[in-house]
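# take this sequence and fold it.
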Amino acid sequence: MNRYLKYIVLLLIIWMEFIFHSKYINDFPSHTHAWAQADRYALALGFVDNDLNFFKPQNYILNHQFPDDWNTPTNVRNTVVDFPIHDYIPAITMKISGSRSPWIFRSYILLYGLIGLYFLYKLAFLLTGDFYKSVFAFLFAATSPVLVYYQDGFLPTIPSFANALIGIYFYVRYLKKDSLRDFRWSMVFLTLATLSRFTFAIPEIAVLGLEFLRILRKETKLLNKLLPVGISIACIAAYNIYNSYLRSLYGSDFLSSTLPAKNLQEVKEILDVVIERWGTQYFTGMHYWIFAILLLGVLIFYVSKLSRPSKLINQMWLLTGAILVGCCGFSLLMMQQYSYHDYYFLDTFFLPFSLVIVLCLAAIPEWKFRFYPLVALALIVTAGFFFTKKISWNQKQRRYTGALNTIQSTIENFKDSDEFLNSLNIGRDAKMLVFDPVGPQIPFIWMNRTGYILMWMNKGAMEQSLDWDFDYIVFQNASFISNVYSVFPEILTRLEKIGDNGKLIICHLKDQDSDQTLLSFLDLDKKNAVLSDEITFDVPHSVSWSQVDSTSEKAFSGSMSGVLLPEVEYGLSYHQDDLQNVLSKPRTLRFIGSFCGSLAGDLDLVVSLDSKGENYYYKSYRLNDFLQGTDQWRTADFLFQLPGTESGDCDFGIYLWNHNQNKIYIDDFGFSIY
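Have a look, this model is predicted:
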């Protein structure tokens, strides 16, 4: 029976991973940290494009993030990155198969992660000698929410973690059997882990530190370690030197500097954020309870001497402690990253946590009795059931981004844009300038073209970017008015639109400035409204209007106007809840209204869309600058880009939000949706 147990473990791993990942294996990089994952996917596609030149990694962007924050245009796609073997291997498969699908990359990372978990089981069995304890150690680690989420992703963290586990497994075999061959294999995998994700230098340094201590104690020899250790250090040093050379030539899109907290107060604030934001993502509540119970049990066993750790176990506690200290030191250097990047936990503390669980299980004295296998199996199945149920729910929540998620909006806007550009006869060698992307690589992956990004929407940056060497400018319809035109309206005089599919606007730069208006640029002067309504206060209005207070004190036209009284917070409103046909695709809203009065505080014009009880669009325009200091009628003419929804219901609202007791007169208040 025992010889078949490892196959039972393999089947358990495969079954769990099928439950967790089968639905998502071909998803484009999206949801949590889509930016970072798309960066790695772009590297793999870059290797496909450069005929698999491993030493010239590239992506799609021609102006790199570092060192000039995307402000310096270049003519090369090359970028600096840690040893990109885990981007390169999927690229080989893509090149051979002719497919660039995400499932190739995801499947490779998933398979590597599964191998790592299997070696965690083997490591646990090596230290405990107990099948059930080893399965439980595997189960504990394999059901960490953050591990499960990234296990079929694109980050090198997962294969590096797997390599570190494999390296430690071979090191424990070496300690147990004194086989130099195992030590060499340990160095191979620890080196691979370090090369691809430099944080995994911590376990390698810890292993070398323990070996140095053993040499001082004359428990082992120095000479037979020099060659494997020397090769490891030489490989790591050589690639870092080569990376420095590439950085001086090209720049990079990957962080290579430290981001420590500024002071102890900021450390406390970051830790508070990490606990609140990621605490239940690192492990579930049940994980933490089990961890606490095991630690308490180990303390009792050791103090009462019910359990006497072997020399090997003591060495592993020392090794794990050294890794933990190293991770604490690294976390101080990169403290600011922990607030926003949950996968930094996988880069650092997840390995020592996993080792502590194994060592705690190893400390539990043998408790073999007739029904031990049945009881142990029942506990494992029960824990597995609750873990699996919780993790499945967690994965759904992580992949629920909501309609207001800007990175998901960017993905949807650029999806299938390669075909759209082909239809406009824009060649693959054209260089694109993309305004306002969320996730710099995402637009270019979908367009399958290179170019420049403009990340910061300020007038100076926009003006500067127009002098770069590009062929076409790309805007997202949903953000053009609010993020581009509102900041730099003069850009319209330079643009010639050549394509618009409702999601993306493709433009040339004109040789000469023109007097093009926003209405003509968006073709609204040639379109009929699909919905419009207006309230003039002189004639009956539709039932969709509410909060209607009128007066004859003054008027912009006719004899009556509306009035917003100081005691009213939410003033004149329009609401319609049967617009699924109108808003099934992106639309442009034009608002026109006349206002009179001096403001005592803030006054907003708000446009809102709800679907299935969730707000998926909310934009407000502050009227203070428009009205401040005037007591004359002024007419507002604003445009809003409304996103479409596939939902069967859609609630549309437009209203005035009176923050601070203003009295304002309103007239000819209306809108049109195109």
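# assumed V434 was part of a strand.
Yes: assessed by DSSP: H, G, I helix; E, B strand; the rest coil, V434 belongs to a strand.
# in the protein, where is pLDDT below threshold?
1-6, 401-405, 628-630, 646-648 (pLDDT under 70).
# helix or strand: which one has F591?
F591 is part of strand 587-596, with elements assigned from DSSP states H and E.
# in its sheet, what does that strand sit against?
Partners of strand 587-596 in the sheet, by DSSP bridges, are strand 634-642 (antiparallel), strand 664-673 (antiparallel).
# now the last one: buried residues?
Along strand 664-673, these residues count as buried under the neighbour rule (16 or more other CB atoms under 10 Å): I664, Y665, I666, D667, D668, F669, G670, F671, S672, I673. For glycine as for every other residue, the C-beta is placed from the backbone atoms N, C-alpha and C.
# before we move on, what about the first one?
Of all the residues in strand 634-642, those buried under the rule 16+ other CB under 10 Å are F638, L639, F640, Q641, L642.
# which one of the strands paired with strand 587-596 lies closest to D523?
Taking CB to CB, strand 634-642 is the member of the strands paired with strand 587-596 nearest to D523, at 12.3 Å.
# ok, residues contacting that closest one?
With contacts defined as CB atoms under 8 Å, 6 or more residues apart in numbering, strand 634-642 is touched by 477-482, 518, 522, 524, 556, 583, 586-596, 605, 607, 609, 617, 619, 621, 623, 626-627, 668, 673.
# of the buried residues of strand 664-673, which is the nearest to C327?
I673 (54.5 Å).
# quick one: residues contacting G230.
With CB under 8 Å, 6+ apart, G230 has no contacts at all.
# before we move on, what about L605?
Counted by CB under 8 Å, 6+ apart, L605 has contacts F591, G593, S620, Y621, L623, A636, F638, I654, Y655, L656, W657.
# which of the residues you listed are buried? Put it as a ChimeraX command.
The ChimeraX selection below is limited to those of the contacts of L605 classed as buried (16+ other CB under 10 Å):
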select :591,593,621,623,638,654,655,656,657
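# distance to S392 added to the contacts of L605, as TSV?
Supplementary listing: those in TSV, determined by distance: CB to CB, whole Å:
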residue	distance to S392
F591	45
G593	49
S620	38
Y621	42
L623	48
A636	50
F638	45
I654	40
Y655	40
L656	45
W657	41
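# so which of the contacts of L605 comes closest to Q408?
S620 (21.6 Å).
# now do that closest one against I445, distance only.
Noted for S620: a distance of 33 Å to I445, by CB to CB, to the nearest Å.
# redo the buried residues of strand 664-673 as TSV? Include distance to F189.
Shown next, in TSV, are the buried residues of strand 664-673 (distance: CB to CB, whole Å):
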residue	distance to F189
I664	70
Y665	75
I666	71
D667	75
D668	73
F669	69
G670	69
F671	63
S672	65
I673	60
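# strands of the stretch 401-550 of the chain, residue ranges please.
Using DSSP state E, counting those that start in this stretch, the strands found in the stretch 401-550 of the chain span residues 432-435, 451-454, 472-476, 495-500, 504-509, 531-535, 545-546, 550-551.
# distance from the chain centre to the third one, please.
If I follow you right, that is strand 472-476. Put simply, strand 472-476 sits 23 Å off its chain's centre (CA atoms, centre = their mean, to the nearest Å).
# so in that sheet, which strands flank it, and in what orientation?
strand 432-435 (parallel), strand 504-509 (antiparallel).
# name the stretch among these that sits most buried.
For these, the largest average neighbour count (mean count of other CB atoms under 10 Å) is found in strand 432-435, namely a mean of 24.
# ok, and what's touching that strand?
In contact with strand 432-435 (CB under 8 Å, 6+ apart) are residues 443-444, 447, 449-454, 457, 462, 465, 468, 470-476, 480, 483-484.
# mind doing that once more with 6 Å?
The contact list for strand 432-435 (CB atoms under 6 Å, 6 or more residues apart in numbering) reads P443, R449, G451, Y452, I453, L454, F470, Y472, I473, V474, F475, V484.
# same deal with stretch 374-391?
Contacts of stretch 374-391 (CB under 6 Å, 6+ apart): Y132, V135, F136, L139, T143, P145, V148, T284.
# just the buried ones among these, please.
For the contacts of stretch 374-391, buried by 16+ other CB under 10 Å: Y132, V135, F136, L139, T143, P145, V148, T284.
# and those, which is closest to F83?
Nearest to F83 among the buried ones among the contacts of stretch 374-391, with distances taken as CB to CB, is V148, at 25.4 Å.
# ok, the closest one touching F20?
Yes: counting by CB atoms under 6 Å, V148 does reach F20; the two are 5.2 Å apart.
# list the buried residues of stretch 357-372.
Quick answer for stretch 357-372 (16+ other CB under 10 Å): I357, V358, L359, C360, L361, A362, A363, I364.
# quick one: the nearest residue to L492 once chain neighbours are set aside from K503, how far?
Of all residues not flanking L492 in the chain, Q516 sits nearest, at 4.9 Å (CB to CB, 6 or more residues apart in numbering). For Q516, the distance to K503 equals 21 Å [CB to CB].
# which one's more surrounded, those two?
Neighbour count, other CB atoms under 10 Å: between Q516 and K503, K503 has more, with 20 against 16.
# what segments of the stretch 201-350 of the chain are strands?
Under DSSP E, counting those that start in this stretch, the stretch 201-350 of the chain gives no strands.
# mind listing the helices for it?
Counting by DSSP state H, counting those that start in this stretch, the stretch 201-350 of the chain has helices at residues 201-216, 223-250, 264-282, 285-303, 311-333, 335-338, 343-347, 350-363.
# tell me the buried residues in the shortest one?
If I follow you right, that is helix 335-338. M335, Q337, Y338.
# out of those residues, which one sits closest to K396?
Nearest to K396, judged by CB to CB, of these is Y338 at 24.8 Å.
# so who does that closest one touch?
Counted by CB under 6 Å, 6+ apart, Y338 has contacts V274, Y344.
# circling back: farthest-apart pair in the buried ones among the contacts of stretch 374-391, please.
Those two in the buried ones among the contacts of stretch 374-391 that are separated most widely, counting by CB to CB, are Y132 and P145, at 23.9 Å.
# for this protein, identify the residue most remote from the centre.
In the chain, the residue that sits farthest from the middle, by CA atoms, centre = their mean, is S559; the gap is 55.9 Å.
# so who does F671 touch?
By CB under 6 Å, 6+ apart, the residues touching F671 are L589, F591.
# 7 Å instead, please
Listed by CB atoms under 7 Å, 6 or more residues apart in numbering, the contact set of F671 reads S532, D533, L589, R590, F591, I654.
# nearest to V298 among the contacts of stretch 374-391?
For the contacts of stretch 374-391, the residue nearest V298 by CB to CB is F136; the value is 14.6 Å.
# in what helix or strand does that closest one lie?
Assigned by DSSP H and E, F136 belongs to helix 131-142.
# for that helix, list the C-alpha coordinates in PDB.
Extracted in PDB, the C-alpha atoms of helix 131-142 (Å, rounded to 0.1, in the frame of the first residue of the first chain):
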ATOM      1  CA  PHE A 131       2.100  10.000   5.100                       C
ATOM      2  CA  TYR A 132      -0.900  11.700   6.700                       C
ATOM      3  CA  LYS A 133       1.100  14.500   8.300                       C
ATOM      4  CA  SER A 134       2.800  15.100   4.900                       C
ATOM      5  CA  VAL A 135      -0.500  15.200   3.100                       C
ATOM      6  CA  PHE A 136      -1.800  17.700   5.700                       C
ATOM      7  CA  ALA A 137       1.300  19.900   5.200                       C
ATOM      8  CA  PHE A 138       0.700  19.900   1.500                       C
ATOM      9  CA  LEU A 139      -3.000  20.600   2.000                       C
ATOM     10  CA  PHE A 140      -2.300  23.600   4.300                       C
ATOM     11  CA  ALA A 141       0.100  25.300   1.800                       C
ATOM     12  CA  ALA A 142      -1.900  24.400  -1.300                       C
END
